[in-house]
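Peer 1: pasted the sequence and its predicted model underneath.
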Amino acid sequence: MTTYAIRRILQTIPILFIISILLFFLVRSAPGGPLTSARRNPNVTKEQIEAIEEKLGLNDPLPVQYGRWIGDMLKGNLGQSIKFHRPVNDMIAERIPNTLTLVGASFLLTLIVAIPIGMLSARKPYSVFDYAMTTVTFIGQSIPVYWLGLGLIVIFYVLLKNPVTDVPFFPVGGMNTRGKEGDPLDTLWHLVLPVTALSLGWIAWYSRFLRSSMMDVLHEDYVRTAKAKGASSNSVYYKHALQNAILPLVTLIALDLPSLFAGALFVETIFSWPGMGRLFWDAAKGRDYPVLLGVVMITAVLIIFCNILADLAYGWLDPRVKYE
Amino acid sequence: MARVILRRFFKHKLAGIAIAVLALLILASAFAFTTPYSPTNQEPTNSFQKSNADHWFGTDELGRDVFTRILYGGRVSLTVGLFSTFLSIALGVLVGALSGYFGGWIDSVLMRITDAFLTFPTIFVLIILGAFLREQQVPWLKNSVLIVIIIIAALSWMWPARLVRGLFLVLREREFVTASRALGGSSARIIIQHILPNCIGPIVVSGTLQMASAIITESGLSYLGFGVQPPTPTWGSILATAQNQVFRAPWIAFYPGLMIFITVMAINYIGDGLRDAFDPYVVHAEK
Amino acid sequence: MKLKFLTLFVVLGLVLSACGGGKAPATEAPQSTGEATVPATEAAISAGGGGTVTLIIPEEPTTLNYFMADAAIVRQAAEATAMTGLATINENGEYVATLAQELPTLDNSGLSADYLTVTWKLREGLKWSDGEAITSDDIKFTVEVLSNPDAGALSGTSGFDLITSVDTPDDLTAVLTYSEPYPGYLDQFAYGLFPRHATGEPADMTNWEWNRNPVGAGPFIVSNWASGESITMTRNPNYYEEGKPYLDSIVFAIVPEPAAQTAMMLNGEAQFQLWPGEFKADYDELLKGKATQHLIPGIWNMAIDFNLSAPFDGDATAATPHPILGDIRVRQAIASAIDYQTLQQDVLKGSVGDSTNPFAYGWYQCDLPRALGFDVEKANQLLDEAGWVMGDDGIRVAKDAMYAEDGTRLSLELQGYTAFDPLQLTEEFIVENLKAVGVEARIQNYDFSIIFGTFEDNSPRAVGDYDMLIFDRGFTTEPQGYNFDAYHSSRIPTAENPTGGNYFRWVNADVDAALELAGSSFDQQTRKDAYCEIGQAVIDDMPQVYMYLFQDNYGVADNLDGYILSTWGSMSWGAQNWKYK
């Protein structure tokens, strides 16, 4: 397994290199450029735009620009934002803690809620509890996250208020009340609505998934054998079935883990949360190439590493899984 | 065999009901023209009506009948939802099964391709594709439901692929697989007859999720220049435009949301029925 | 094995909580004031002097240096801190002196008789926000920066290359010499000055720290910029107007979601909202007693552009006429099929004003009537005459039309850009209008970057591959650059001339002459007449049909006082005068 791990990690180097080329040309061949919005600005002349493009080196041949970018990146420098004139490293570093807070909290809540729901539903399928959970989770799946976010704002910020002070129960704007920056309790209070909006879909997905793979496992030979041998129902359920059912869940977690850094665009937008999702989206809309490529590249590295982790976790959790 | 599966399927009562509901939705959108309104005809002075006898689901910001628009919207949304999910799952299962069953270099190559697809920022793939299609000037390439289906499938097959691969990695080491391999069963036979039926549950779950998101993604695609352009309604686009009426007319969003919910629910129960039908061990007494 | 699962989840949990809990405060104040520790709702009333006003902006300004602004949002925030210059444009569109004692004119000899020398005199005792004196050398420095082509300025640099020298006989006087007469000599100094001592090298302007934390002459000073979240500014004690600003601080809150913005206004968490998403009637009802929406004339003018040249023929020039739109009667029919009144009043709920031509506001405003109002009968008659007969499916078909082959359907693509609601509502309405006279319009909306892209990007309007294009356009107090580019026949975009802006491919010799006259004359009336001639030609020749003029809309809390909304300023223009009732 160690050799496998080493081989996989070594493999990533050429792969990341290829991905960096693909991403660079993908991003650069999209129509528009960092100065497209300036073209709509009545105060800006076309000559000024051309002068700036020339100054930024945007008219150089693409391979030359790629060389510049990858060279800087290997030195750990993601470049300078075209729009904000700030180092991309700084801009990303500012956003990562915010995103980790939001997505991390949602992820944790999801696992805490989804795993018990999935297990209990599978334990007594087609029971009242199962049907109730099925309905709730399907509502969760059918509501687009932006609608969920808007709904939460209308209910908990506009309609429901503390009857005594007339202050809404939960805030919507940003991470902190002004003047309470860095106060963890205040941040927690600001987290409630966005985390709810972000988790509901994930909870639906994870709990449905666990329920389904549990039910599959329950019909397998070794579970039946264990039952036949007189093992208690609970022990069969928790010892044999759960362990096997949770394996495929690892894949899901690995696929979702990169969003810890990539952020969650819709929720960040609706709740004015300054996270990576919005940084990426603003950079994508404005074609701020250095910021955009920085975010995309970091995400790519994470996706690949999380997938390696998932594969390793398989072998570790289930010794029967073999690597060739 | 087919008959056995079919009988088992309909033994699952909810699955039977789900099929009926889905059929009803499809029929309703096919016969959408029977409502007294046109989906595009406007009456701007009659906007934002609440649900009433003339307009069952009320009217939207241009005074169009929301009920009629929901029925017409079902045409595109159901087609896109069903077929793109089917395509994406089929592709994902193929890649995942080959990768997980054979392992080795096949696994390496397929999974690295999957990784690459996962890392591409969707929005740029779409913008470039949109610009490319525009330049081709082939009329049927634009606004074509087929294109939308292919795009959505092309951007979503990686999830089922990784999932199925994970399941296969575990299942291929099980006794029943090693046994049939020892008995000389061909790989194709083992994959299709022995391993795949054991994966149906998770695959269906991932299918229901993809279906809901495909219906919504479709409206996002029209923002980028393909997908279905206004004024043709789709459930996703009705939802998206209702976003700006959250204070003025929140009910406009309710109906397309409800339709998506019903569809997703139906697909899931059909999936449950399918699992029972394929799984020889299901004990129906449990229900 | 159970242990392994446990470890997995414990580790995962630890990672997550470590990431979450250990969040460093992302908001390090460059100059912490400790003043803004009162929650917004209370601050609005307390704080003795003036309290805090929260302004909602939908996106983050990239800089507070107006001259580097690529988008309108920069000015919305920058005007509160670093844009107080020698003069400003008031709500009536007139220049008034700010840091200068008076405006240099011919009458007070500030402007020489040959228009080549301009003398600015600063008020006495002026100070930058850091307490240093504002001197004529700062005017000189500003000219040095904005005339330096390497500085990387985007906005507001027009005419600075014409200034050949700046003499500073004393600390208050700057004498500017121009190489040729420049009519915009006042406008140049209406957007702020740079302090020499607190900036940097002119050629390095884009990297100045000043851009995010400017030392300026405006009413407020940046005290905290939380990236992606808010910009807080506190009172500038050295502001030149005695006793102002009244407020202690202002906060620009970055709130991208329109519904969240309105909700914040509803709860009194914000007092000023830029471009609310709701129509005025709905907004005022929802926020009754709390806030009101104000509409002021804007500069964004909505029109349908027609492509007069054949699309998709691989030829970007005006050589081949458009098979359908090349016939003016078809364009006239389209213009008279649109129900302007219902569009403006019912579809857009009165949020827009009427507009018939490009010159719908400003000193060059031309009030010209429509050649053809809404008249379905007239539209049908024009199409009949033009050789388009009604087909079986309700769409007309060519029969002896001017350019189209017999049997061609009267079907046109209507392009627009996405994610802008009023535009989509307009499109959907027009499609129904045109259907009523047998014209099929197929909406095809593209991303911003495609519609406003370049010739190299194959943007449809640049390469001439479109039928009808609907979007809003605007220009400022000096309209020559934009209009020359849009209407002069030499500005048709082609492979040889890719930056041209005459997307209609309109060739009209009279218009060319009028544009040249407007560009060379110093007399405002002569210029205005020339522009009105162009406006009339647009109405007669119909390369485009103007439908309405957007109004700028702001939501303002009812307890705020002293604000003036101006077409020529941004939301924070005049913030020194704001106070609570």
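Peer 2: Right, received. Where do you want to start?

Peer 1: for burial, what's the neighbour tally of residue 137?
Peer 2: Going with chain A. 26 (other C-beta atoms under 10 Å in any protein chain shown). For the C-beta atoms, the positions are set from N, CA and C on the backbone; glycine is no exception.

Peer 1: the chain in question should be chain C.
Peer 2: If you count neighbours by other C-beta under 10 Å, C:D137 ends up with 16.

Peer 1: again with C:A310
Peer 2: Number of residues near C:A310 (other C-beta under 10 Å) recorded here: 21.

Peer 1: that one contacts C:P323, doesn't it?
Peer 2: Yes. Judged on C-beta atoms under 8 Å, C:A310 makes contact with C:P323 at a distance of 6.3 Å.

Peer 1: Three-state assignment for residue 239, please.
Peer 2: Chain wasn't specified; assuming chain A. helix (DSSP: H, G, I helix; E, B strand; the rest coil).

Peer 1: wrong chain, I was asking about chain C
Peer 2: C:Y239 - assigned by three-state DSSP - is coil.

Peer 1: say whether chain A is contacted by stretch C:479-493.
Peer 2: Yes. Shown here: stretch C:479-493 in contact with chain A (C-beta under 8 Å from any C-beta of the partner chain) through C:481-482, C:485.

Peer 1: now neighbour count too, for those, in TSV please.
Peer 2: Listed next are the residues of stretch C:479-493 next to chain A as TSV, based on neighbours: other C-beta atoms under 10 Å in any protein chain shown:
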residue	neighbour count
C:G481	19
C:Y482	17
C:D485	19
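
Peer 1: can you list these in TSV and add pLDDT and secondary structure?
Peer 2: Compiled in TSV, the residues of stretch C:479-493 next to chain A are given as follows (pLDDT from 0 to 100; DSSP: H, G, I helix; E, B strand; the rest coil):
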residue	pLDDT	secondary structure
C:G481	85	helix
C:Y482	89	helix
C:D485	91	helix
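
Peer 1: leaving out sequence neighbours, find the closest residue to the residue nearest to the spatial centre of chain A.
Peer 2: The residue lying closest to the centre of chain A (C-alpha atoms, centre = their mean) is A:S259, at 1.7 Å. Leaving aside its sequence neighbours, A:S259 sits nearest to A:V103 (C-beta to C-beta, 6 or more residues apart in numbering or on different chains; 5.7 Å).

Peer 1: and the gap between that neighbour and A:I18?
Peer 2: Using C-beta to C-beta, to the nearest Å, one obtains 28 Å as the distance from A:V103 to A:I18.

Peer 1: before we move on, the earlier item: out of the residues of stretch C:479-493 next to chain A, the closest to chain B would be?
Peer 2: Distance to chain B across those (C-beta to the nearest C-beta) is lowest for C:D485, with 24.2 Å.

Peer 1: spatially, what comes nearest to that closest one if we skip its sequence neighbours?
Peer 2: Using C-beta to C-beta, 6+ apart, the nearest residue to C:D485 is C:G501, at 3.8 Å.

Peer 1: neighbours around residue 159, how many?
Peer 2: Defaulting to chain A. A:L159: 10 neighbours (other C-beta under 10 Å).

Peer 1: if you could check chain B rather than the one you did, that'd help
Peer 2: 21.

Peer 1: let me see the contact set for the residue of the stretch 51-200 of chain A found nearest chain B.
Peer 2: Going by C-beta to the nearest C-beta, chain B is nearest to A:S142 of the stretch 51-200 of chain A, at 3.8 Å. A:S142 sits next to B:212, B:257, B:260-261, B:264 when contact means C-beta atoms under 8 Å, 6 or more residues apart in numbering or on different chains.

Peer 1: what about it, distance to A:V136?
Peer 2: Distance from A:S142 to A:V136, by C-beta to C-beta: 11 Å.

Peer 1: wait, isn't C:A333 in contact with C:V437?
Peer 2: Yes. Checked against C-beta under 8 Å, the pair C:A333 and C:V437 is within contact range at 6.5 Å.

Peer 1: quick check: neighbours shared by those two?
Peer 2: Joint contacts of C:A333 and C:V437 (C-beta under 8 Å, 6+ apart) are C:379-380, C:383.

Peer 1: could those residues go into TSV alongside pLDDT?
Peer 2: As requested, the shared contacts of C:A333 and C:V437 are exported to TSV (pLDDT from 0 to 100):
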residue	pLDDT
C:A379	96
C:N380	96
C:L383	96
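
Peer 1: wait, which of those is closest to chain A?
Peer 2: Each of those was scored against chain A by C-beta to the nearest C-beta, and C:A379 proved nearest at 32.0 Å.

Peer 1: the closest one sits in which helix or strand?
Peer 2: Taking DSSP states H and E as the criterion, C:A379 maps to helix C:376-385.

Peer 1: quick one: residues contacting the residue nearest to A:S259.
Peer 2: A:V103 is in contact with A:198, A:259-261, A:263-264, A:275, counting by C-beta under 8 Å, 6+ apart.

Peer 1: could you work out the most separated pair of these?
Peer 2: Using C-beta to C-beta, the contacts of A:V103 span at most 14.5 Å, a distance reached by A:L198 and A:F261.

Peer 1: more neighbours: which of these two?
Peer 2: Neighbour tally, A:L198 and A:F261, criterion other C-beta under 10 Å: the higher count belongs to A:L198, 28 against 22.

Peer 1: is it true that that one touches A:T101?
Peer 2: No. Distance between A:L198 and A:T101: 11.6 Å, which falls outside the contact criterion (C-beta under 8 Å).

Peer 1: check what pLDDT the closest residue to A:G57 other than its chain neighbours gets.
Peer 2: Leaving aside its sequence neighbours, A:G57 sits nearest to A:Q65 (C-beta to C-beta, 6+ apart; 6.6 Å). On pLDDT, A:Q65 comes in at 93.

Peer 1: and B:A2, by the same measure?
Peer 2: We have a pLDDT of 69 for B:A2.

Peer 1: also the one 4 residues further on?
Peer 2: Taken from the predicted model, the pLDDT recorded for B:L6 is 78.

Peer 1: need the contact list for the residue nearest to A:G57.
Peer 2: Listed by C-beta under 8 Å, 6+ apart, the contact set of A:Q65 reads A:28, A:57-58.

Peer 1: closest residue of the stretch 101-250 of chain C to chain A?
Peer 2: C:G228 (2.8 Å).

Peer 1: neighbours of that residue, how many?
Peer 2: Residues near C:G228, counting by other C-beta under 10 Å, number 25.

Peer 1: ok, it - contacts?
Peer 2: So C:G228 contacts A:94-95, A:98, A:274-275, A:278-279, C:60, C:254 (C-beta under 8 Å, 6+ apart).

Peer 1: secondary structure class for it?
Peer 2: Recorded secondary structure, C:G228: coil (three-state DSSP).

Peer 1: read off the pLDDT value for it.
Peer 2: 91.

Peer 1: now swap in the one 4 residues further on and tell me
Peer 2: C:T232 is assigned a predicted lDDT (pLDDT) of 95.

Peer 1: just the helices in the stretch 201-324 of chain A please.
Peer 2: A:221-228, A:233-235, A:242-256, A:259-262, A:265-270, A:276-286, A:289-317 (DSSP state H, counting those that start in this stretch).

Peer 1: make a markdown table from those and add distance to B:A30 and mean pLDDT to it.
Peer 2: Shown next, in a markdown table, are these (distance: least, C-beta to C-beta, whole Å; pLDDT from 0 to 100):
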| stretch | distance to B:A30 | mean pLDDT |
| --- | --- | --- |
| helix A:221-228 | 45 | 70 |
| helix A:233-235 | 49 | 72 |
| helix A:242-256 | 36 | 80 |
| helix A:259-262 | 39 | 77 |
| helix A:265-270 | 33 | 90 |
| helix A:276-286 | 38 | 90 |
| helix A:289-317 | 41 | 88 |
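
Peer 1: brilliant, that's me finished.
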